[in-house]
Every structure is written in structure tokens, then in C-alpha cells.
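Engineer: Kindly return the folded structure for what I paste below:
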Amino acid sequence: MDGSLIILYFIVSNLLALYLYRKKKIQLWISGIVMALLVPVITYSFISLDIYYSNKNTGDGYSDASFGGGTIAIILALNAIVMFVIGVILNIFTFIIKKRKARESHVLER
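Structural biologist: Numbers count the residues shown, from 1 in each chain. As a prediction, the model looks like this:
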């Protein structure tokens, strides 16, 4: 495997998370949690595909598959953590902005 599938998944999942966040369908931090929960499933599927194709072609590909799987897992987990942290920070900022606007509108009413 040349890694194009994992890059495609990475781009599509990030674009889908941003699209859903912009349309107010799902919060960004929830997308981060979903991505984090999918990391083991995706990593296992890519490792098994890599082992299958390397055994079919060369006969032994367990070490390459384990290094590749570990790299994929770390990259996807870091992506999920970054998505979660950015989502939490955005929620905190929007909460603070809403509180300020509510306080200002309350002051203007008096």
C-alpha cells in the first residue's frame, strides 16, 4: 500500500468534520471524539490489508505493517486530539462571547 488511502481518509474526515461544524449539525469536539474512537478500527484495517498484500507479493511483511500501523495510529490520534482541543476552545470562546452580549444587552435595558 502506498498510503494514498490513509491520506484520502485524513482529508475526507477533516473536511466532513468542518462541514458539519459550519452547518451547525455537530460540534467539533464531538467529531474529535468520534475520530478518536475510530482510530483502532481504521489502524487495524490498514494493518491487515498491508499484511495481506505484502504476504501475497513478498511473503513477509509483518514488520513493515507494524511500523506503518503505528505511524497511522499516532497520526490519526493526534488529529483527533487536535480536533477535540480546537472544538473545546471554540466552545469556550463562544460561551464567553454570548455571556458578554447578554450582559451588555441586560445593561442597556436598564
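Engineer: residue ranges with poor pLDDT in the chain?
Structural biologist: Low-confidence segments of the chain (pLDDT under 70): 1-3, 53-65, 107-110.
Engineer: Just give me the residue right at the centre of it.
Structural biologist: Geometric centre of the chain, nearest residue: A80, 3.6 Å, by Cα atoms, centre = their mean.
Engineer: which SSE is it in?
Structural biologist: helix 62-109 (DSSP states H and E).
Engineer: and what of F10?
Structural biologist: Element membership for F10, per DSSP H and E: helix 4-22.
Engineer: Same question for K25.
Structural biologist: Using DSSP H and E, K25 sits in no helix or strand.
Engineer: For it, grab phi and psi.
Structural biologist: Dihedral angles of K25 (phi, psi; degrees, to the nearest 10) stand at phi -90, psi -40.
Engineer: Give me the distance between it and I75.
Structural biologist: 26 Å (Cβ to Cβ, to the nearest Å). Heads up, the C-betas are built off the backbone N, CA and C, glycines and all.
Engineer: who's more crowded, those two?
Structural biologist: I75 (15 against 10; other Cβ atoms under 10 Å).
Engineer: With only the CA atoms kept, save stretch 21-37 in CSV.
Structural biologist: Coordinates of each C-alpha in stretch 21-37 appear next as CSV, following Å, rounded to 0.1, in the frame of the first residue of the first chain:
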residue,chain,number,x,y,z
TYR,A,21,-19.4,22.1,12.2
ARG,A,22,-20.1,25.0,9.8
LYS,A,23,-23.7,23.7,9.2
LYS,A,24,-24.2,23.6,13.0
LYS,A,25,-25.0,19.8,12.8
ILE,A,26,-22.3,18.6,15.2
GLN,A,27,-19.8,20.2,17.4
LEU,A,28,-16.1,20.0,16.5
TRP,A,29,-15.2,18.4,19.8
ILE,A,30,-17.7,15.6,19.2
SER,A,31,-16.1,15.0,15.8
GLY,A,32,-12.7,14.7,17.6
ILE,A,33,-14.1,12.1,20.0
VAL,A,34,-15.6,10.1,17.1
MET,A,35,-12.3,10.2,15.3
ALA,A,36,-10.5,9.0,18.4
LEU,A,37,-12.9,6.1,18.7
